[in-house]
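Engineer: what follows is a predicted structure for the sequence shown.
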Amino acid sequence: MRRVIQTAAIAVLFSSGLAASRSHAQAKPGTPPASPERFKKMDFGKTKEGVPVEEYVLSNGKMTAKILTYGAIVRELIVPDKQGKPGDVVLGFDTLEGYLAGHPFFGAVAGRVANRVARGKFTLDGKEYTLAVNNGPNSLHGGLKGFDKAVWKAQDASGPDGPAVKLTYVSKDGEEGYPGTLTASITYTVTARSGLKIDYMATTDKATPVNLTNHSYFNLAGPASGSILNHELTLQAEYYTPTDDTLIPTGQIATVSGTPLDFTTPAKIGERIGEIKGAAGGYDHNFVLRGAPKALKLAARAHDPVSGRVMEMYTTEPGVQLYTANFLDGKLKGKGGVAYQKNQAFCLEAQHYPDSVNHPEFPSTILRPGSTYTQTTIYQFTTE
C-alpha cells in the first residue's frame, strides 16, 4: 500500500511539473507576470567587477524561496514548522559580500561538471582535456570559476504551477578547460504543494561532459540551531560508489548493507557517522538510486524531530551525494552572524556519479550537439 501511495504522490508531482513546463514553453508574449506578492525582484549589490546581482523572491503564501542571480544561489528557503511558524532551512549569508569572499558552495549551482574529475583530466573523442585542479589532486564542481561564481540572466517564468524564475548562463568554449559553448538554464519554481522545483536544461555546440546540481546546505531546524546529527534520514539506495582516499570512485558498485551507509530504513544521521573512516571525516558519498533511469522518483526523506519539518527529495538523476558539512569549522559566519560548525547542515546533491567522464561503466554525462541535457529535482516540505 505504501508503494502505491508513494507512486501516486510522485505522479502528482511529475504531472504538475510537466504541465508547468508545457505552459512555460507555450506561453505567448504578453502573458501577465505573477503578482507582486508571489514574485518580487530586488537589487542585491554588485560583484567586484561591478556586475549587478539581483535577488528574486518566490512565494506561495506558505513557502518562500530567495534566489540570487550570482551562482544561481538559493539564499533562503522559508517553510513552516509543525506549529506553523515559518523559518529558514538553508545555510548562507545575509549579504553578497559573504558569497564573494569565498564559501563552500552554499546554495549554489555546481557546474559545468559537479563533484570530482580525477586528476583534472579526461579524454573525449580521442582528445585529452585538462581542467583546473582545486581539490587535492582533482577538479571539483567546475573548477576555479565554475557556475557557482557566474552571474546568470533572469526572467519571470511563473505559470500555473507557481511563481518561478528562469536563470540562463552561457559557458564559453574552453571555459575552465571544458570543450564547447554550453547554454544552460535553471528554472526555480515554488509549487502550490510547497516544493522547490528545479528544472535544468543545457545544449552545446561541441561534445562535452555536463553534470549539474544544487548544493544547498539544509538544516531543518534552522541555520542557527546547531548540529543536524539528530535529523532522521532515509535514502532510496541499496548501493553506493566506493572511492579512493581522494574521493574518486574506484568503479565498483557496492552494497550499503552492513555498513554505516545503510539508510534504507530511517536512521539518525549521527547514529553511525563515527564509523566513517578516511578523508571525508563524515558522509561525503554518492548513492546509487533505485528506480527507472530519467524517471522522477523519491530519492530521500529527512525529518527533524524538533521542528517537525520533513523534506522529501525527488529527482530524475541516477545518484545523490550525501554530504554532512564535514569541513565547516566555525570560521565562516553566516546569517545573523552565526558561526557555521562541522555537521551544522547536510546536502543532498542530485547528480550523475562522480568522475563519470572517466568511467564508461557509469551512466554517461556526455552531451552532444543536437541533444538536450535535462534534469528535474524537487525538494518537497511537509510537517509531522
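Structural biologist: Now that the structure is in, tell me what you want to look at. Residues are numbered from 1 along each chain as shown.
Engineer: hang on, residue 176 in a helix?
Structural biologist: Yes. Counting by DSSP: H, G, I helix; E, B strand; the rest coil, one finds residue 176 located in a helix.
Engineer: please report how far it lies from residue 130.
Structural biologist: Using CB to CB, to the nearest Å, residue 176 is found at 10 Å from residue 130. No exception for glycine: its C-beta is placed from N, CA and C like everyone else's.
Engineer: now do residue 40
Structural biologist: 43 Å.
Engineer: the two: which has the busier surroundings?
Structural biologist: Between residue 40 and residue 130, counting by other CB atoms under 10 Å, residue 40 is the more crowded of the two (16 against 11).
Engineer: and the pLDDT at the more buried one?
Structural biologist: At residue 40, the model reports a pLDDT of 97.
Engineer: ok, the nearest residue to it once chain neighbours are set aside - how many residues close by?
Structural biologist: Distances taken as CB to CB, 6 or more residues apart in numbering place residue 57 nearest to residue 40, at 4.2 Å, with adjacent residues excluded. Applying other CB under 10 Å, we find 21 residues neighbouring residue 57.
Engineer: wouldn't residue 57 be in contact with residue 63 here?
Structural biologist: No. Residue 57 lies out of contact with residue 63 (CB atoms under 8 Å); the separation is 11.4 Å.
Engineer: just want the phi and psi numbers for the residue nearest the centre of the chain.
Structural biologist: Nearest to the geometric centre of the chain sits residue 214, at 2.0 Å (CA atoms, centre = their mean). Dihedral angles of residue 214 (phi, psi; degrees, to the nearest 10) stand at phi -100, psi 140.
Engineer: that one bridge partners, please.
Structural biologist: With DSSP bridges as the criterion, residue 214 is bridged to residue 109.
Engineer: switch to numbering from 777
Structural biologist: Got it, first residue is 777 now, which makes that one residue 990.
Engineer: I figured it hits residue 882, correct?
Structural biologist: No. Judged on CB under 8 Å, residue 990 makes no contact with residue 882 at a distance of 10.8 Å.
Engineer: could you point out which element follows the lowest-mean-pLDDT helix or strand in the chain?
Structural biologist: Every helix and strand of the chain was ranked by mean pLDDT, DSSP states H and E. The lowest is helix 778-802, at a mean of 42. Going down the chain from helix 778-802, the next helix or strand is strand 815-822, by DSSP states H and E.
Engineer: CA-only coordinates of the helix or strand just after that following strand, as PDB, when you get a sec.
Structural biologist: Toward the C-terminus, strand 815-822 is succeeded by strand 828-835 as the next helix or strand (DSSP H and E). Extracted C-alpha coordinates of strand 828-835, given in PDB (Å, rounded to 0.1, in the frame of the first residue of the first chain):
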ATOM      1  CA  PRO A 828      24.700  43.900 -10.700                       C
ATOM      2  CA  VAL A 829      23.300  41.000  -8.800                       C
ATOM      3  CA  GLU A 830      19.600  40.500  -8.300                       C
ATOM      4  CA  GLU A 831      17.500  38.500  -5.800                       C
ATOM      5  CA  TYR A 832      14.200  37.000  -6.800                       C
ATOM      6  CA  VAL A 833      11.600  36.300  -4.100                       C
ATOM      7  CA  LEU A 834       9.200  33.500  -4.900                       C
ATOM      8  CA  SER A 835       6.300  32.700  -2.600                       C
END
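Engineer: ok now strand 828-835, how far from the chain's centre?
Structural biologist: 18 Å (CA atoms, centre = their mean, to the nearest Å).
Engineer: same deal with stretch 1114-1128?
Structural biologist: Centroid separation between stretch 1114-1128 and its chain, computed with CA atoms, centre = their mean, is 11 Å.
Engineer: do stretch 1073-1081 as well
Structural biologist: Put simply, stretch 1073-1081 sits 15 Å off its chain's centre (CA atoms, centre = their mean).
Engineer: what's the answer for stretch 1076-1092, then?
Structural biologist: The chain centre lies 15 Å from the centre of stretch 1076-1092; the measure is CA atoms, centre = their mean.
Engineer: now the end-to-end length of it.
Structural biologist: Using CA to CA, to the nearest Å, the end-to-end distance of stretch 1076-1092 comes to 13 Å.
Engineer: now that stretch: mean pLDDT?
Structural biologist: Average pLDDT, stretch 1076-1092: 98.
Engineer: distance of the residue nearest to residue 816 relative to residue 1086?
Structural biologist: Taking CB to CB, one finds residue 833 at 24 Å from residue 1086.
Engineer: what's the answer for residue 868, then?
Structural biologist: 21 Å.
Engineer: higher neighbour count, these two?
Structural biologist: Ranked by neighbour count (other CB under 10 Å), residue 868 and residue 1086 place residue 868 first, with 24 against 18.
Engineer: surely the more buried one meets residue 849?
Structural biologist: Yes. Under the criterion of CB under 8 Å, residue 868 makes contact with residue 849 at 7.1 Å.
Engineer: identify the contacts common to these two.
Structural biologist: Both residue 868 and residue 849 are in contact with 875, 882-883, where contact means CB atoms under 8 Å, 6 or more residues apart in numbering.
Engineer: what about those, which are in strands?
Structural biologist: Among the shared contacts of residue 868 and residue 849, no residue falls in strands (DSSP state E).
Engineer: those into a markdown table, with extra columns for pLDDT, distance to residue 1036 and neighbour count?
Structural biologist: Below are the shared contacts of residue 868 and residue 849 laid out as a markdown table (pLDDT from 0 to 100; distance: CB to CB, whole Å; neighbours: other CB atoms under 10 Å):
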| residue | pLDDT | distance to residue 1036 | neighbour count |
| --- | --- | --- | --- |
| 875 | 98 | 33 | 24 |
| 882 | 98 | 26 | 26 |
| 883 | 98 | 27 | 27 |
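Engineer: alright, calling it a day.
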